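Visitor: Kindly return the folded structure for what I paste below:
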Amino acid sequence: MAIEHAILVSLLEKPGSGYELSRRFERSIGYFWTATHQQIYRVLKRMEGDGWVEVREVPQEGRPDKKEYSVAAPGRAALSQWLHEPIEPESVRHDLAVKIRGSAFDDPAALIREVRRYRQVHAERLAHYLAGEERDFTGPRTPDPASPGPDRSEAGPSDTALSGPGPSGTVPSDTAPSGAGPLDAGRELQHVVLRGGIAYERMTLAWLDDVLATLHRLGPEH
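Guide: Coordinates of the predicted model:
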């Protein structure tokens, strides 16, 4: 995937300025495709030159007019062509997994602090995703026991289990109104992507709890 495709999808969901697009990349799209502000503005200019997007001046009270971008017919055709192309499963590079295996040749317990820090990052991300899901799709719900919560490894390996399954999930919607309600096709697909992210974070937390339990078990006494 190129950044152009991510921009086309975002603009089809909702036209916006370069600044608004940058905010979307920071808030949601950036969880599966990252881009800097400079990249976004540079690519938007190229897409405008290629006829993929159209731009109009939007008056703003008390502020300079803003440029609002929307997808033109050639851009929609380019996205459609890409959507019909096959993609290969992504290869995963996981530094932490290599560190965990490498700790067999050092002190496994020395890695506990780093795994706890790593777990906290994923717990906070899960909480962010769940908050977005509640805001944009489901409405208030029972708190998720996996998010973010204290590190379940603090009490040792016997206290590391995550609770059972719940709605899976991933990236907060940029366009949906607050609260639950019937979803159109666009929002349904935004929600299923979000559920994929939630499921991934839950899986990662469960694995990290397993890692912590194992590291505790292989402590200095080993």
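
Visitor: Is it correct that residue 90 falls within a strand?
Guide: No: counting by DSSP: H, G, I helix; E, B strand; the rest coil, residue 90 is not found in a strand; it is coil.

Visitor: Would you check how far apart it and residue 33 are?
Guide: Counting by C-beta to C-beta, to the nearest Å, the gap between residue 90 and residue 33 amounts to 12 Å. From N, CA and C alone the C-beta is placed, and that goes for glycine too.

Visitor: Find the residue ranges of this protein scoring beneath the pLDDT cut-off.
Guide: When residues are selected by pLDDT under 70, those of the chain lie in 1, 30-31, 141-183, 220-222.

Visitor: so where do the strands sit in it?
Guide: In order along the chain, the chain carries the following strands (DSSP state E): 53-60, 63-71.

Visitor: Of those, give the one that comes closest to residue 201.
Guide: strand 63-71 (30.8 Å; C-beta to C-beta).

Visitor: Alpha carbons of that closest one, in CSV - could you do that?
Guide: Coordinates of the C-alpha atoms in strand 63-71 are reproduced here as CSV (Å, rounded to 0.1, in the frame of the first residue of the first chain):
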residue,chain,number,x,y,z
ARG,A,63,-9.3,32.8,9.9
PRO,A,64,-7.7,32.4,6.5
ASP,A,65,-9.7,30.3,4.0
LYS,A,66,-8.7,26.6,4.1
LYS,A,67,-8.1,24.2,1.2
GLU,A,68,-10.5,21.2,1.4
TYR,A,69,-9.5,18.2,-0.6
SER,A,70,-11.9,15.6,-2.0
VAL,A,71,-11.4,12.6,-4.2
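
Visitor: Flag every buried residue along the biggest helix by length in the chain.
Guide: Counting residues, the longest helix found in the chain (DSSP state H) is helix 185-217. Of the residues in helix 185-217, those with enough neighbours to count as buried (16 or more other C-beta atoms under 10 Å) are 187, 190-191, 194-202, 204-205, 208-209, 211-213, 215-216.

Visitor: distance of the closest residue to residue 41 other than its chain neighbours from residue 76?
Guide: Across the structure, with C-beta to C-beta, 6 or more residues apart in numbering as the measure, the residue nearest residue 41 apart from its sequence neighbours is residue 18 (5.0 Å). Residue 18 is 20 Å from residue 76, where distance means C-beta to C-beta.

Visitor: Comparing those two, which residue is more hemmed in?
Guide: Neighbours around residue 18 and residue 76, counted as other C-beta atoms under 10 Å, are more numerous at residue 18. The numbers are 20 against 14.

Visitor: Next up, the contacts around the more buried one.
Guide: The neighbours of residue 18, taking C-beta atoms under 8 Å, 6 or more residues apart in numbering as the test, are 37, 40, 41, 44, 67, 69.

Visitor: Surely residue 198 is in contact with residue 128?
Guide: No: checked against C-beta atoms under 8 Å, the pair residue 198 and residue 128 is beyond contact range at 10.1 Å.

Visitor: could you check the distance from residue 34 over to residue 25?
Guide: Computed with C-beta to C-beta, the distance linking residue 34 and residue 25 is 7 Å.

Visitor: out of these two, which sits in the more crowded spot?
Guide: Neighbours of residue 34 and residue 25, each counted by other C-beta under 10 Å, are more numerous for residue 25; the result is 23 against 12.

Visitor: Apart from its chain neighbours, what residue comes closest to that one?
Guide: What sits nearest to residue 25 in space, not counting adjacent residues and going by C-beta to C-beta, 6+ apart, is residue 35, at 5.3 Å.
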